[in-house]
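**Q** what's the 3D shape of this:
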Amino acid sequence: MSLRLETESDASNSVTTMPPLSSLIQSLKTFFRNEKNSKSTSLPHSQIFPILSNCTSLPNETIFLIFTFLELSFWDSLMFDDYSCPQAKFMRESFENMMRTGWFCRERELTAFARILNGEDKHTQLEDLSMGIPITYHDFHDMKLNSQDEEKRENPKRWKFYKDLWDNAISTQIAALEERTKHLNFSFSSHCLVYRHIPLLSSVAFDRNIHFRKFGGIYTSDFRMAHTLVLANGEVLRILPEKWQSNKEIVLLAVARNGESLQYASPNLREDREVVRMAVLQSVHALEFAPREFR
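**A** Down below sits the predicted model:
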């Protein structure tokens, strides 16, 4: 079976033939979630919404499976920014149903993590996998914040949606998750504790952070957590794994907060003009760690 999606050149009655559905889903899964690098990637909404409108001839289940691999921030915009999606009400109802039944989180999770979180694998600890943090932890934490976020009360519809979903479904799912994973060293509660410590990073030395020393291997290998850590304190780049010190997005964020963190970037990125410029804009002392030609 092949898919035929209308393109902007429809005026000339041309169509684009897409690969078989299974190949399309797998390609989108690999691209959006980028499993190989354990990094979740979102397309700009300007590119996503045309895909949605062009996919309206596909079964709803297929559309949802495709968009399952996007960040929750995308769903939030899709459901509540009326200017961006005329199907907002339909998407809200569908998303709510997917969350209540657990389908959404199940489809998003990596297989290795899913086996642990479902209780099928009771012998492997999360740190044994060196794959970061389960997306389920991130999603439940985001839902918790959305249900408590005072700013969302400015939009009563949005706040009530998340509050009802949390009270009537998510909190129960978390209780069941905690019961299934009580043998783990790093539970969902541990994940929430990590986030509560993050605001202290600017005032508390990392080598005195017991929780970080205990679970650092788990969440420094996670892209989203690495992103959050350097956003709180650019100097954190010092203790992040080499793969993040070589990641331009992470390094740019770090030097924008602390220019002297340039010294912890990989040699290639210390020679990158954009990175050096960002670091020097934050602190002229960053030039000390840049190649001579930049001085």
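**Q** Could you report the neighbour count for Phe186?
**A** The local packing of Phe186 (other C-beta atoms under 10 Å) involves 21 other residues. All C-beta spots, glycine's among them, are computed from the backbone N, C-alpha and C.
**Q** Correct me if wrong: it contacts Leu129.
**A** No: Phe186 is beyond contact range of Leu129, at 10.8 Å (criterion: C-beta atoms under 8 Å).
**Q** which stretches of the chain have low pLDDT?
**A** 1-67, 81-87, 150-153, 201-213, 295 (pLDDT under 70).
**Q** which residues in it form strands?
**A** Ranges of strands in the chain, per DSSP state E, are 2-6, 15-20.
**Q** mind listing the helices for the stretch 51-200 of the chain?
**A** 60-67, 72-80, 88-101, 103-108, 111-117, 126-129, 135-148, 156-165, 171-180, 188-197 (DSSP state H, counting those that start in this stretch).
**Q** Can you add distance to Lys243 and mean neighbour count and give the ones you listed back as JSON lines?
**A** Shown next, in JSON lines, are those (distance: least, C-beta to C-beta, whole Å; neighbours: other C-beta atoms under 10 Å):
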{"stretch": "helix 60-67", "distance to Lys243": "28", "mean neighbour count": "16"}
{"stretch": "helix 72-80", "distance to Lys243": "24", "mean neighbour count": "18"}
{"stretch": "helix 88-101", "distance to Lys243": "32", "mean neighbour count": "16"}
{"stretch": "helix 103-108", "distance to Lys243": "22", "mean neighbour count": "18"}
{"stretch": "helix 111-117", "distance to Lys243": "18", "mean neighbour count": "17"}
{"stretch": "helix 126-129", "distance to Lys243": "15", "mean neighbour count": "18"}
{"stretch": "helix 135-148", "distance to Lys243": "18", "mean neighbour count": "19"}
{"stretch": "helix 156-165", "distance to Lys243": "34", "mean neighbour count": "16"}
{"stretch": "helix 171-180", "distance to Lys243": "28", "mean neighbour count": "14"}
{"stretch": "helix 188-197", "distance to Lys243": "19", "mean neighbour count": "16"}
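**Q** Turn those into TSV, columns for distance to Ser261.
**A** Listed next are the helices of the stretch 51-200 of the chain as TSV, based on distance: least, C-beta to C-beta, whole Å:
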stretch	distance to Ser261
helix 60-67	35
helix 72-80	26
helix 88-101	38
helix 103-108	32
helix 111-117	30
helix 126-129	26
helix 135-148	25
helix 156-165	35
helix 171-180	35
helix 188-197	20
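**Q** Out of those, which is closest to Met278?
**A** Met278 sits nearest to helix 72-80 of all the helices of the stretch 51-200 of the chain, at 23.8 Å, using C-beta to C-beta.
**Q** Tell me how far Val236 lies from Ile198.
**A** Per C-beta to C-beta, to the nearest Å, Val236 is found 10 Å from Ile198.
**Q** joint contacts of these two?
**A** Leu229 (C-beta atoms under 8 Å, 6 or more residues apart in numbering).
**Q** More neighbours: which of those two?
**A** Comparing Val236 with Ile198 by other C-beta under 10 Å, the one with more neighbours is Val236, at 26 against 17.
**Q** Excluding chain neighbours, give the residue nearest to the more buried one in space.
**A** Leu229 (4.5 Å; C-beta to C-beta, 6 or more residues apart in numbering).
**Q** Hmm, that neighbour is touching Ile198, no?
**A** Yes: between Leu229 and Ile198 there is a contact at 6.7 Å, judged by C-beta under 8 Å.
**Q** Could you give the number of residues near Phe223?
**A** Other residues close to Phe223 by other C-beta under 10 Å number 20.
**Q** I figured it hits Ile133, correct?
**A** No: in this structure, Phe223 is not within contact of Ile133 by C-beta under 8 Å, at 9.6 Å.
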